[in-house]
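Enquirer: Fold the following and give me the result.
(chains A and B)
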Amino acid sequence: KAGVTQTPRYLIKTRGQQVTLSCSPISGHRSVSWYQQTPGQGLQFLFEYFSETQRNKGNFPGRFSGRQFSNSRSEMNVSTLELGDSALYLCASSFTLSRGQSYEQYFGPGTRLTVT
Amino acid sequence: DAKTTQPNSMESNEEEPVHLPCNHSTISGTDYIHWYRQLPSQGPEYVIHGLTSNVNNRMASLAIAEDRKSSTLILHRATLRDAAVYYCILRDVAYQLIWGAGTKLIIKP
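Expert: All right, here's what the predicted structure looks like:
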């Protein structure tokens, strides 16, 4: 089956602009998580959605937001871009995350965002 | 939040076993131990996970200490394609993955 897809793969924006990134999970997966990866900070958790509800959120400012649609596809938005937002943004999907279980996540190739 | 500690880098020869250590001394009873790896220019890839018992799959084995304060990822026969950054991660029942800096595994031909 098809893996996690992310669009676009590369993006260049200028400071102050906003950006929307898209993620299509593996068919049947209902949980989608977003991560930011930078050389200095490594992989940092942004938020996780399950059945259109944000279930968990990392320590990022309110400029970072997301949503999930009924087909489990997810988008994340960053408003008022700053130079420090330049990073690889990764999306990961899981089948489900029932309490007491721990399913593996499948990652997409990421969107490389450059803010100039 | 429970955290993990891994060596920054390790080297191994091709076709030899590799043992990648991870310390997680503050692990709680409900934390699962996950291992992922990231090849250059790719997203992370799931390797293996476990809670208390040792686990095996087609990619690797996971040995978990009896007190669960440490674990070891075992690649039985490393190949050049196994060169990657390996992350040992704790996942709690709040579903959040807590990533460390990982271990860069270098495979020498």
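
Enquirer: How about whichever residue of chain A sits closest to chain B: which residues does it bridge to?
Expert: Nearest residue of chain A to chain B: A:Phe107, at 3.4 Å (Cβ to the nearest Cβ). The C-beta positions use only the backbone N, C-alpha and C, and glycine is treated the same way. Legend: beta-bridge partners of A:Phe107 under DSSP bridges are A:Ala92.

Enquirer: Where do the strands of chain A begin and end?
Expert: A:5-7, A:10-13, A:19-24, A:31-38, A:42-50, A:53-57, A:64-68, A:74-78, A:87-94, A:106-107, A:111-115 (DSSP state E).

Enquirer: ok now the shortest one, how far from the chain's centre?
Expert: Mean-position distance between strand A:106-107 and its chain equals 11 Å (Cα atoms, centre = their mean, to the nearest Å).

Enquirer: for that strand, packing partners?
Expert: Applying 3 or more Cβ pairs under 8 Å, 6 or more residues apart in numbering or on different chains; DSSP states H and E, one finds that strand A:106-107 contacts strand A:87-94.

Enquirer: for B:Arg81, phi and psi?
Expert: Taking degrees, to the nearest 10, you get phi -70, psi -10 for the backbone angles of B:Arg81.

Enquirer: Do you know the pLDDT at it?
Expert: We have a pLDDT of 94 for B:Arg81.

Enquirer: Spit out the contact partners of the nearest residue to A:Pro109 once chain neighbours are set aside.
Expert: Once flanking residues are discounted, A:Pro109 sits nearest to B:Gly43: 5.3 Å by Cβ to Cβ, 6 or more residues apart in numbering or on different chains. By Cβ atoms under 8 Å, 6 or more residues apart in numbering or on different chains, the contact set of B:Gly43 is A:Val4, A:Leu90, A:Ala92, A:Phe107, A:Gly108, A:Pro109, A:Gly110.

Enquirer: Could you confirm B:Gly43 falls within a helix?
Expert: No: with DSSP: H, G, I helix; E, B strand; the rest coil as the criterion, B:Gly43 is coil rather than part of a helix.

Enquirer: Can you check the pLDDT for it?
Expert: As predicted, B:Gly43 sits at a pLDDT of 92.

Enquirer: now it: how far from B:Ile27?
Expert: From B:Gly43 across to B:Ile27, the span is 26 Å (Cβ to Cβ, to the nearest Å).

Enquirer: Can you read off the backbone torsions of the residue in chain B that chain A sits nearest to?
Expert: Closest approach between chain B and chain A, counting by Cβ to the nearest Cβ: B:Gly43, at 3.4 Å. Dihedral pair for B:Gly43: phi -80, psi 160, per degrees, to the nearest 10.

Enquirer: Give me the mean pLDDT for stretch A:18-27.
Expert: 97.

Enquirer: Report the beta-bridge partner residues of B:Tyr86.
Expert: B:Arg37, B:Thr103.

Enquirer: what packs against the helix-or-strand element of chain B with minimal mean pLDDT?
Expert: The weakest-scoring helix or strand in chain B, judged by mean pLDDT, DSSP states H and E, is strand B:97-98 (a mean of 75). Here strand B:97-98 touches strand B:84-91, going by 3+ Cβ pairs under 8 Å, 6+ apart.

Enquirer: What parts of chain B come near chain A?
Expert: Taking Cβ under 8 Å from any Cβ of the partner chain as the criterion, chain B approaches chain A at residues B:32, B:34, B:36, B:42-46, B:49, B:51, B:87, B:91, B:93-102.
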